[in-house]
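# Okay, sequence plus prediction incoming.
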Amino acid sequence: MTEHSAQLSAHSEDGRSFTVRDATGTPFIAGTLLLVANAEGRQLALVEERETNTRGEPEALRGRLLGAIDDAVFDPRGGHAFTAADVRAADAATIDLVHSAMGATLEIGVNLSPPSRPARLLAHRFNRHTFWCGQSGSGKTYALGVVLEQLIAHTALPVVVFDPNSDFVRLGELNPDADGPTAELLAQRDIRVLRPNTPGAAPLRARLTAMTMEAKAAVLRLDPVADREEFNAALHLRELLSSVDTAELLPRLLGSDDPAQRALGLRVENMGLLGWEVWARRDREATAVIDERADATVLDLGGFSTPDQHLVVALSVLDELWARREERRPVLLVIDEAHNLCSPMLTSPLAVAVRERIVQIAAEGRKFGLWLLLSTQRPSKVAPGIISQCDNLALMKMTSPVDLEGLATYFGYAPAALIARSPWFRQGEALFAGGFVPAPTLLAMNARLTPEGGSDVSVPLR
C-alpha cells in the first residue's frame with residue numbers, strides 16, 4: 001500500500017454508501033474491498049466506481065458499505081454514517097471473517113481482486129432464482145458444473161438439470177485425478193442420468209395419460225377456438241385420455257362414430273404422435289424418478305428424433321412440480337441453454353406452455369421451494385418476466401452491448417463498472433453478484449471434479 005493510500009479519507013451520509021473524494025495515485029478500482037475506520041468502529045466497503053477525470057481533478061471512489069466489523073464479528077446490518085474515516089485495503093483475515101460470518105462455504109474459485117482468497121458462495125441463498133450467462137467460449141457450462149458439484153456434494157438440496165446438449169450426463173463420474181473432501185462426498189451422492197436413446201442408460205420418458213388436459217392440448221397442437229370441434233372432443237374424452245394405454249388410443253379414436261373423435265384420431269396419426277420414443281409405456285416416467293428425490297437428476301433433452309419431444313419432457317416435469325407445490329419440497333431446477341425453453345420468440349403451443357410455466361415458477365415458485373437457475377448465451381433471448389425475478393447473477397465473458405445493457409438494467413445490485421469489464425474476461429473468469437455471494441466478486445473458476453459431457457470438438461491439425 002502506498003503512503004498516499006494510507007491517508008485516504010472517506011465519508012458516508014447514509015451509512016449505506018461511501019465516497020473518497022481524492023484517490024489519485026491509489027490502486028483501488030471497482031471490485032476492491034476496503035476497510036474504513038474511525039472512532040465509532042470499522043466497516044467493510046466495496047468500491048463500485050472509480051471516477052476518472054481528464055482535467056487534472058482528483059479521482060474519486062464511490063461504493064457501498066457492506067457491514068460493521070467488531071473484533072471477530074461481522075454484522076452486515078451494522079453500517080453507520082460518518083463524516084471522516086481512514087481507508088485501507090481489506091486483508092485476507094478480514095475476507096475469511098466475512099465468509100465465515102455469512103456462511104459462505106461453497107468454494108468455487110479464487111478472487112481476482114486483492115487479496116487473493118478463495119471465492120465462496122452462500123449455499124442457503126440458492127433459495128432465490130439465479131441467472132447465469134456468458135457467450136460461447138466463455139467457459140459458462142464448465143463453470144456451472146463447478147457450482148453444481150459444490151451444491152450436490154455439500155447440501156441436501158435436490159437438483160434437476162434440464163440438459164439440452166448432454167453437457168452434464170457425466171456428473172456422476174469423477175475425473176481420475178479428483179481428490180479431496182468434495183470429491184469424496186460426490187462419490188457418495190445419488191446422481192441419476194436419464195437419456196432418450198442411449199443403450200444401458202435409464203430412459204428419459206413422459207407419460208401422456210398423466211399430463212394435464214392443457215398439456216395434452218399443447219402436445220396435440222389444439223387451439224380451443226381454431227380447433228373447437230377436436231378440442232371439445234378431447235375435453236369429453238378427458239377420462240379416456242387419462243386412462244387408456246397410449247398404444248390403444250389411436251384405434252379407439254379412429255373407430256369412433258363421432259366425426260370429431262375420428263378427426264382427433266387423424267391428427268394423432270398424421271403427427272406420428274404415438275411413434276414418439278418419449279412415451280413411457282413400460283418404462284418409468286421422469287416425474288416418478290424425480291419424485292424419489294435423488295441428490296441430482298440429469299434430464300438429457302438432446303437425442304430425440306423430433307424437436308417437440310424434449311418440450312414434452314420439460315412440460316410434464318414442470319407441470320408435475322407445480323401441481324405439487326403445496327408440499328413445499330425444495331428443488332433447484334437448472335435449465336441450461338435457457339433460451340431453448342424460455343424465449344419469447346418460441347410460438348408453438350408446446351413451447352408456449354413450457355415458457356409460461358417457467359414464468360409462473362419464476363414469479364411464484366420461490367415461496368414453495370421451486371428455485372430456478374437459468375443459464376444462457378443470450379440474455380436478450382430469455383423472456384424478461386423470468387430474468388426480472390432473479391436475485392443472483394453469474395456473468396462470464398459477454399461482448400454484446402445489447403445484452404450487457406440489459407443486464408445492467410435488470411441487476412442493479414451488480415456494479416455497472418464490473419459488468420462493463422465482462423468483454424475482457426478470460427475463459428473461466430466471472431462476476432458473481434446478488435444474495436448468494438458475500439459481496440459482488442470477480443473470480444477465476446476452479447477446475448471441475450467431474451468430466452464435461454459436451455466439450456468442444458477440436459480443429460484437426462496436420
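Sure, I can see it. Numbering: from 1, shown residues only.
# tally of neighbours for residue 264?
For residue 264, the count of nearby residues is 27 (other Cβ atoms under 10 Å). All C-beta atoms are positioned from the backbone trio N, CA, C, and that covers glycine.
# what kind of secondary structure is it in?
Of the three states, residue 264 takes helix under DSSP: H, G, I helix; E, B strand; the rest coil.
# What ranges does the stretch 151-300 of the chain have for its strands?
According to DSSP state E, counting those that start in this stretch, the stretch 151-300 of the chain carries its strands in the segments 159-163, 191-195, 202-203, 296-300.
# partner residues bridging residue 335?
Residue 335 has these beta-bridge partners by DSSP bridges: residue 162, residue 374.
# give me every residue that touches residue 45.
10, 18, 33, 34, 35, 36, 63, 64, 65, 66, 87 (Cβ atoms under 8 Å, 6 or more residues apart in numbering).
# Adding pLDDT as columns, could you present the residues you listed in a markdown table?
What follows is these, written out as a markdown table (pLDDT from 0 to 100):
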| residue | pLDDT |
| --- | --- |
| 10 | 94 |
| 18 | 95 |
| 33 | 94 |
| 34 | 94 |
| 35 | 94 |
| 36 | 95 |
| 63 | 94 |
| 64 | 94 |
| 65 | 95 |
| 66 | 94 |
| 87 | 94 |
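# Rebuild the strands of the stretch 151-300 of the chain as a markdown table, extending it with mean neighbour count.
Shown next, in a markdown table, are those (neighbours: other Cβ atoms under 10 Å):
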| stretch | mean neighbour count |
| --- | --- |
| strand 159-163 | 25 |
| strand 191-195 | 21 |
| strand 202-203 | 18 |
| strand 296-300 | 26 |
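# out of these, which comes closest to residue 424?
Nearest to residue 424 among the strands of the stretch 151-300 of the chain is strand 159-163; the distance by Cβ to Cβ comes to 29.8 Å.
# what is the mean pLDDT for the closest one?
In this model, strand 159-163 has a mean pLDDT of 98.
# which strands and helices sit next to it?
Contacts defined by 3 or more Cβ pairs under 8 Å, 6 or more residues apart in numbering; DSSP states H and E place strand 159-163 against helix 140-154, strand 296-300, helix 308-323, strand 331-335.
# Pull the distance from that strand to the chain's centre.
10 Å (Cα atoms, centre = their mean, to the nearest Å).
# just to revisit the earlier point, minimum distance to residue 129: which of the helices and strands packed on strand 159-163 has it?
strand 331-335 (9.4 Å).
# Show me what that closest one is packed against.
helix 140-154, strand 159-163, helix 308-323, strand 370-376.
# possible to save those as a markdown table with distance to residue 396?
Shown next, in a markdown table, are these (distance: least, Cβ to Cβ, whole Å):
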| stretch | distance to residue 396 |
| --- | --- |
| helix 140-154 | 5 |
| strand 159-163 | 18 |
| helix 308-323 | 24 |
| strand 370-376 | 10 |
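# No further queries at this time; thank you.
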